[in-house]
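Visitor: Prediction below, plus the sequence it came from.
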Amino acid sequence: MKTYKHNMVFTGHKSFIILVLLGLITCLSGWSYINDSIETGPYQLVYPANFGNRINVPDDNQTTKQGVYLGRLLFYEKKLSANNTLSCASCHQQDKAFTDGKAFSEGVDHVLTTRNSMSLVNLLWARKFFWDGRAGSLEDQAITPMTNPHEMGQSLEISVKKISNTVTYPALFKLVYGDETITSDRICKAISQFERTLISCNSRYDQYLSNAYQPARQELNGMNLFMNGPNPEKGIRGANCAHCHGGAKTYKELFHNNGLDSIPKDAGIEALTGLAADRGRFKVPTLRNIALTAPYMHDGRFKTLNEVVDHYSDHLKESEALSTFLRGESNDIGGKTLHLRPEEKKDIIAFLDMLTDSTFINDPRFSDPNKIASKQKSKTNSK
Amino acid sequence: MKKYTFIIVALITFFISPYLTKAQAPAKEASVKVTGEVTSALDLKLADLQQFKQTEVTRKDRDGKDHIYSGVILSEILQKAGVTLGKDLRGENLTKFVQVTASDGYQVVFALAELDKDFTDRMIILADKIDGKPLLPADGPFRIIVQDEKKPARCIKQVTGIKVQFAK
């Protein structure tokens, strides 16, 4: 575009031809660059068999290599925000398992979000999105942060216009969708394709499940407490976490009230259904990479895992909607709460640390593509 | 003097009370939606369930004691929705299954044939009462009770949806 403006200074026949030629060269070089470096074809979603195949890919948005490539660029694209300051990655940072380390995140208008940013991981298996599960697909979900005035704050029409007025995107959309038309639907679809590739399956817990890691004693104790319900009559100690957080993915897509408040400030799912039984009910989030995603809960009220485990052990708040799975579960006969011992709490946290997947947070396929480009540029510059 | 105060208070209460009750957000009533391979979808509230024939099933709960659950045989509800049961439950219809969803997202399935009385005498009911009383909020208002099944995992609580589908 810059060269074009420069050439506008010249007038006459010759400069027009030069102009057209220059334009052609830019287009061609752009096109061949894209064709050369971008792999195309179906994207192979690779995951362990124990994750199961109940995956969620819409028929009209199959995952392709070129789609994921485009989606990754858009995920890190600040032009999708009102003042070009935020991208999805601002609140979903890879090194924090795609969270942002804050209780609430700041939008383009400097107003805070009302809920804690969520980890983006193993979304391929999810069917309901957000803390209250209100979005039925990733494609629908993406519209909210883009248009919410307290997040990226830009209408879809303007986003489409800004993306259309770039050198690289139209050709990329052609590569993915067959023509250069850029629509909000196509933007959301590409972002969703990228999000579906965010698969984490190489934590020490995954390695343990595939017999490739022998947990330390503390980790094993913690795992047993996490998996088992307490049964004081039989002398079995437990914390019953797996009832809600269990399975190879540590995610079951359940929605519960886990006793944070007797009268919750945020009504959760009740705001959608109007049912008293849904009061203070929220998505049971994945515990994958949980050591990296503080602060915790929908409002980021707990800064550490110690505080979280203390909550479940000793501070559950009674209310009508409190989950039955948390009622009457105690390590004391007739007790009301779990009442874990201090070393048991440490054991549980040792197990939670086993859920950290450093391969995932360092995977170059998920990182900011602009940073790689600028790194390469600075390398060539220094030569 | 006392008389007047009484009258005034009574009058104020009379005028204000409708607003007071309104201020308490009208809690919505829970229901069970019957959808999928049906000819007419249903949205059943507690009162609707009383329109069906009531059936009792006895089974042990977590407390290890027998309880009498009452409600409606699931296949009778499905019949009302026009699901292929009885003489129509053959051929490809035998690949149908019923997916039951709870308000917390928990889901279980039954093969349609498991629910048909020409196939089995085992009763599966959508219960709304235990020992003659409404189910506890944490269990109800609707719960599936599977007669004689050893594990309680399919006695799914807080049922909100019943969807009939073809296995693909």
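Guide: Right, received. Where do you want to start?
Visitor: what's the neighbour count on the nearest residue to B:Lys60 once chain neighbours are set aside?
Guide: Setting aside the residues directly before and after it, B:Lys60 is nearest to B:Asp66 in space (CB to CB, 6 or more residues apart in numbering or on different chains), at 5.7 Å. Heads up, the C-betas are built off the backbone N, CA and C, glycines and all. Applying other CB atoms under 10 Å in any protein chain shown, we find 10 residues neighbouring B:Asp66.
Visitor: Spatially, and excluding backbone neighbours, which residue is closest to residue 148.
Guide: You didn't say which chain, so I picked chain A. Nearest one to A:Asn148, counting by CB to CB, 6+ apart, is A:Gly107 at 6.9 Å.
Visitor: if you could check chain B rather than the one you did, that'd help
Guide: Counting by CB to CB, 6+ apart, the residue nearest B:Asp148 is B:Arg122, at 6.0 Å.
Visitor: who touches that neighbour in this structure?
Guide: Applying CB atoms under 8 Å, 6 or more residues apart in numbering or on different chains, we find B:Arg122 in contact with B:114, B:146-148.
Visitor: Next: A:Ala321.
Guide: Counted by CB under 8 Å, 6+ apart, A:Ala321 has contacts A:257, A:270, A:276-281, B:137.
Visitor: And the residues you listed, which of them are buried?
Guide: Using 16 or more other CB atoms under 10 Å in any protein chain shown as the burial test, those include A:257, A:270, A:276-281 as buried.
Visitor: quick one on the thing from earlier: can I assume the residue nearest to B:Asp148 sits in a helix?
Guide: No. Under DSSP: H, G, I helix; E, B strand; the rest coil, B:Arg122 sits outside any helix and is assigned coil.
Visitor: what about the residue in chain B positioned nearest to chain A, which helix or strand?
Guide: Nearest to chain A in chain B, going by CB to the nearest CB, is B:Lys28, at a distance of 3.5 Å. When elements are defined using DSSP states H and E, B:Lys28 is found to belong to no helix and no strand.
Visitor: before we move on, what about A:Lys162?
Guide: Applying DSSP H and E, one finds A:Lys162 within helix A:156-164.
Visitor: returning to what we had before: so for the residue nearest to B:Asp148, what pLDDT did the model give?
Guide: With respect to pLDDT, B:Arg122 has a value of 94.
Visitor: From chain B, how far off is the closest residue to A:Met223 other than its chain neighbours?
Guide: Among residues not flanking A:Met223 along the chain, A:Phe351 sits closest, at 4.8 Å (CB to CB, 6+ apart). Distance, A:Phe351 to chain B, using CB to the nearest CB, to the nearest Å: 24 Å.
Visitor: Just give me the neighbour total for A:Phe351.
Guide: 24.
Visitor: Would you agree it falls within a helix?
Guide: Yes. Assessed with three-state DSSP, A:Phe351 lies in a helix.
Visitor: Isn't it up against A:Glu219?
Guide: Yes. Counting by CB atoms under 8 Å, A:Glu219 is a contact partner of A:Phe351 at 5.5 Å.
Visitor: packing partners for the helix holding A:Lys162?
Guide: Identification of packing neighbours for helix A:156-164 by 3 or more CB pairs under 8 Å, 6 or more residues apart in numbering or on different chains; DSSP states H and E yields helix A:143-147, helix A:184-196.
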